[in-house]
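J.: Following is a predicted model, sequence given first.
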Amino acid sequence: MAGVLLWVICPTENASFATSSLLSLVPKSCSQERRYSKVCSRLKFSTGVFATASLSSVVANPPRSSEERVYEVVLKQAALVKEQKKERILDVIAGNDQSESMTRGDLLNEAYNRCGDVCAEYAKTFYLGTLLMTPERRRAVWAIYVWCRRTDELVDGPNASHITPKALDRWEQRLDDLFEGRPYDMYDAALSITVSKYPVDIQPFKDMINGMRMDLKKSRYKDFDELYLYCYYVAGTVGLMSVPVMGIAPDSKASTESVYSAALALGIANQLTNILRDVGEENAGWLVVVSARRGRIYLPQDELAQAGLSDEDIFKGKVTDKWRSFMRGQIKRARMFFDEAEKGVAELNAASRWPVWASLLLYKQILDAIEVNDYDNFTKRAYVGKAKKFASLPIAYGRALMLGSSKLAEPARS
Ligand SMILES: CC(C)=CCC/C(C)=C/CC/C(C)=C/CC/C(C)=C/[C@@H]1[C@@H](COP(=O)(O)OP(=O)(O)O)[C@]1(C)CC/C=C(\C)CC/C=C(\C)CCC=C(C)C
Ligand SMILES: [Mn+2]
């Protein structure tokens, strides 16, 4: 299967900057001042330093941070949902809705089934969760999953050392082509149909490729704002791609933008968790495995310095009190993004809630596992054991059932 995939080809002085970078995650419905105070408490937890910037300077002249720039993508995606909803209703009224007959082709079924196979092989639990969705939604999510997995594999797989910016440009050209209805292979064909049926914008896909470009040339992140952008590129984008397919519950009272913000937050939370779990792996120079990502430090340099830690300390991999205290702050911040995400899950279409809860709970427990390992993420891998994984599934199911207004089962539509 891997062969198939590989075939393709704040410290105090920065407080006002970091503060504004967090503003966009606080619901826009909050007043500026309420949003500001929520952000301040987030900053306090995340960096261990209380923001001393004056309220008036931040509110009067906010610099454009990564979070603000990313929020523009959220708004664009959300607007597309409203637009396409209208268009699709018009199509149905006019009797132009041919999508059902178009997806019935044997080749297309085969393409979708292959996406399902890849998904089942690489992400078993998630695959199980998708079985609860309607067949139409399920296969659309599989198609998105496969495209993401192939993209990630370019820079993270065994051939990663051969990947050049040019190869990523070619991958992006293929993306443009499939969005215009010219797929290159079967997996692309499945995604091509998917993006024609659901209000999925190309930007998050392009941004994931941008994340891979960033990964090729960048090995240090100056501050959380830079790291946030990277996390958006490689994981927040997944949330923005998935929600249009998973769907928002018809009786949800939440704004489309807030659901997309929650989805973005889940991607960021997952990626931050991934980073904290893999600190040792990314830097273990003594590992025999030749990793293209070796030597990269996906941690905010300013926060490391503030904790009295250097790159050298990370390469040495010794768990000290300074490291424990630094990790506590990082874990706290990741949990805040999970909390932000949880608010949005109840707004999703009933049948999509379970796989999202399941993945959220499983990923969040990795943070607990780091704590259980006494913050030794250099030599111990934080993982969630089978028993805990299984126990999470009914909990996720219960939450999907209880937290949400519409009922869990959705009538099958294809
Ligand atoms: C239900 C669900 C989880 C749906 C998402 C399905 C989907 C399209 C997944 C694609 C995942 C993927 C292959 C991303 C490529 C980049 C990547 C690998 C990111 C990391 C994932 C973890 O994978 P892994 O542990 O295998 O990492 P390694 O390659 O081994 O390093 C990430 C950490 C990010 C994954 C991000 C998400 C799953 C975002 C989920 C958000 C939603 C589904 C939105 C939910 C909606 C609301 C309202 C909360
Ligand atoms: Mn990866």
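T.: Yep, that arrived. Ligands and ions are numbered 1, 2, ... in the order given.
J.: Tell me where this structure is predicted with low confidence.
T.: Across the chain, the ranges flagged by pLDDT under 70 are 1-62, 82-104, 282-293, 405-414.
J.: Could you tell me which strand of it is the longest one?
T.: Determined from DSSP state E, the single longest strand within the chain is strand 297-300.
J.: Remind me what that one packs against, helices and strands.
T.: With contacts taken as 3 or more CB pairs under 8 Å, 6 or more residues apart in numbering; DSSP states H and E, strand 297-300 sits against strand 220-221, helix 224-231, helix 279-283, helix 311-316. C-beta coordinates here come from the backbone N, C-alpha and C atoms, glycine included.
J.: Outside of it itself, list whatever touches it.
T.: Residues outside strand 297-300 that contact it (CB atoms under 8 Å, 6 or more residues apart in numbering) are 219-224, 226-227, 230, 275, 279, 282-283, 304, 311, 314, 330.
J.: now those residues: which count as buried?
T.: 221, 223-224, 226-227, 230, 275, 279, 282-283, 304, 314, 330 (16 or more other CB atoms under 10 Å).
J.: Now render these as JSON lines, adding distance to ligand 1.
T.: Listed next are these as JSON lines, based on distance: CB to the nearest ligand atom, whole Å:
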{"residue": "221", "distance to ligand 1": "16"}
{"residue": "223", "distance to ligand 1": "21"}
{"residue": "224", "distance to ligand 1": "17"}
{"residue": "226", "distance to ligand 1": "18"}
{"residue": "227", "distance to ligand 1": "14"}
{"residue": "230", "distance to ligand 1": "11"}
{"residue": "275", "distance to ligand 1": "9"}
{"residue": "279", "distance to ligand 1": "12"}
{"residue": "282", "distance to ligand 1": "10"}
{"residue": "283", "distance to ligand 1": "15"}
{"residue": "304", "distance to ligand 1": "21"}
{"residue": "314", "distance to ligand 1": "18"}
{"residue": "330", "distance to ligand 1": "15"}
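J.: and which of the residues you listed is nearest residue 180?
T.: residue 230 (28.5 Å; CB to CB).
J.: Need the nearest residue in space to that closest one, chain neighbours excluded.
T.: Closest residue to residue 230 apart from its sequence neighbours, by CB to CB, 6 or more residues apart in numbering: residue 214 at 5.8 Å.
J.: and the one you found, how many neighbours?
T.: For residue 214, the neighbour count with other CB atoms under 10 Å is 17.
J.: Mind listing residues that contact the helix or strand where it lies?
T.: Using DSSP states H and E, residue 214 sits in helix 203-217. For helix 203-217, contacts defined as CB under 8 Å, 6+ apart pick out 73, 76-77, 147-148, 151-152, 154-155, 163-165, 168, 171-172, 175, 179, 229-230, 232-234, 237-238, 240-241, 293, 296.
J.: Among those, name the buried ones.
T.: Buried members of the contacts of helix 203-217, scored by 16+ other CB under 10 Å, are 73, 77, 147-148, 151-152, 154-155, 163, 168, 171-172, 175, 179, 229-230, 232-234, 237-238, 240-241, 293, 296.
J.: With that, I have no additional questions.
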